[in-house]
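*Asks:* only the shape, not the letters, is given here:
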């Protein structure tokens with residue numbers, strides 16, 4: 001599941017034609033098809049395969065366990081795979097059985113035992129037994145990362161913990177997930193960074209502010225794109241010069 005974010009997408013999709021066709025129809029479904037090397041080292045019991053824009057699942061020996069009947073499907077996380085059929089989402093288990101009925105209009109994969117699901121235009125969170133843990137109340141709900149998820153209500157963004165308690169109020173115009181202890185959030189026209197106690201750690205002065213990775217984040221300010229560290233200090237510019245190569249001079 002996706003929502004517009006200022007940072008580049010962190011979802012890795014296969015370039016396989018059939019998968020590309022499927023993802024154009026279901027861009028919010030995370031297809032975790034990886035390289036052949038990763039497939040060979042995978043310890044999960046079933047892996048997705050694709051036939052005529054349909055997804056099925058095979059075991060490690062290549063035996064078909066689930067016929068290709070789904071419109072989209074993910075690899076397994078927390079023992080379940082997210083699948084789509086007839087525009088509805090649900091989950092199958094590692095034996096190919098439907099573990100959670102395909103009744104949701106949107107859903108995320110499971111993380112930490114919870115998945116965000118959408119029903120009647122609102123998002124909530126279920127556990128792996130399809131028990132509703134956090135009621136349907138959000139306009140959008142993202143995956144939990146380290147026990148915290150970004151959610152939105154009434155066009156404002158805030159954060160909850162995995163028991164559903166609001167830990168950062170719904171006061172921001174946009175937000176990213178927490179990464180390395182910081183989240184970029186937007187108020188009015190500027191982005192800044194807060195910590196998990198909602199304290200401003202880097203001032204609101206950017207037009208775009210991406211998530212931190214390995215201690216650095218990409219930000220935009222005054223039409224310039226550059227890296228900052230976790231104290232907000234400039235590190236280096238982002239290389240954006242993609243001008244065509246100059247023609248080689250020819251001898252007279």
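*Replies:* Structure's in. What do you need? Everything numeric here is computed off the predicted structure, so don't read it as measured data. Numbering: from 1, shown residues only.

*Asks:* residue boundaries of the helices in the stretch 1-150 of the chain?
*Replies:* 17-25, 36-41 (DSSP state H, counting those that start in this stretch).

*Asks:* show me the shaky parts of the chain.
*Replies:* 1-44, 240-252 (pLDDT under 70).

*Asks:* 50 instead, please
*Replies:* 2-43, 245-252 (pLDDT under 50).

*Asks:* tell me how many other residues crowd residue 62.
*Replies:* By the criterion of other CB atoms under 10 Å, residue 62 has 8 neighbours. C-beta here means a position set from N, CA and C on the backbone, and glycine is covered the same way.

*Asks:* try residue 228
*Replies:* 22.

*Asks:* spit out the contact partners of it.
*Replies:* 202, 216, 217, 219, 234, 235 (CB atoms under 8 Å, 6 or more residues apart in numbering).

*Asks:* of those, grab the buried ones for PyMOL.
*Replies:* Entered in PyMOL, the line below selects the buried ones among the contacts of residue 228, by 16 or more other CB atoms under 10 Å:
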select buried, resi 202+216+217+219
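
*Asks:* for the contacts of residue 228, which one is nearest residue 119?
*Replies:* Closest to residue 119 out of the contacts of residue 228 is residue 217 (34.6 Å), distances taken as CB to CB.

*Asks:* ok, that closest one - contacts?
*Replies:* By CB under 8 Å, 6+ apart, the neighbours of residue 217 are 182, 184, 193, 209, 210, 211, 227, 228, 230.

*Asks:* now, among the contacts of residue 228, which is nearest to residue 90?
*Replies:* Once CB to CB is applied, the member of those that ends up nearest residue 90 is residue 217, at 35.9 Å.

*Asks:* quick one: contacts of stretch 186-197?
*Replies:* 6, 148, 159, 167-168, 171-175, 178, 181-185, 200-209, 217, 219, 232.

*Asks:* swap the cut-off to 6 Å and go again
*Replies:* 172-174, 182-185, 200-206, 209 (CB atoms under 6 Å, 6 or more residues apart in numbering).

*Asks:* please pick the buried ones from the residues you listed.
*Replies:* 172, 174, 182, 183, 184, 185, 202, 204, 206, 209.

*Asks:* pipe these into TSV and attach secondary structure and distance to residue 71 per row.
*Replies:* Formatted as TSV, the buried ones among the contacts of stretch 186-197 follow (DSSP: H, G, I helix; E, B strand; the rest coil; distance: CB to CB, whole Å):
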residue	secondary structure	distance to residue 71
172	strand	34
174	strand	30
182	strand	37
183	strand	33
184	strand	34
185	strand	35
202	strand	42
204	strand	42
206	strand	39
209	strand	35
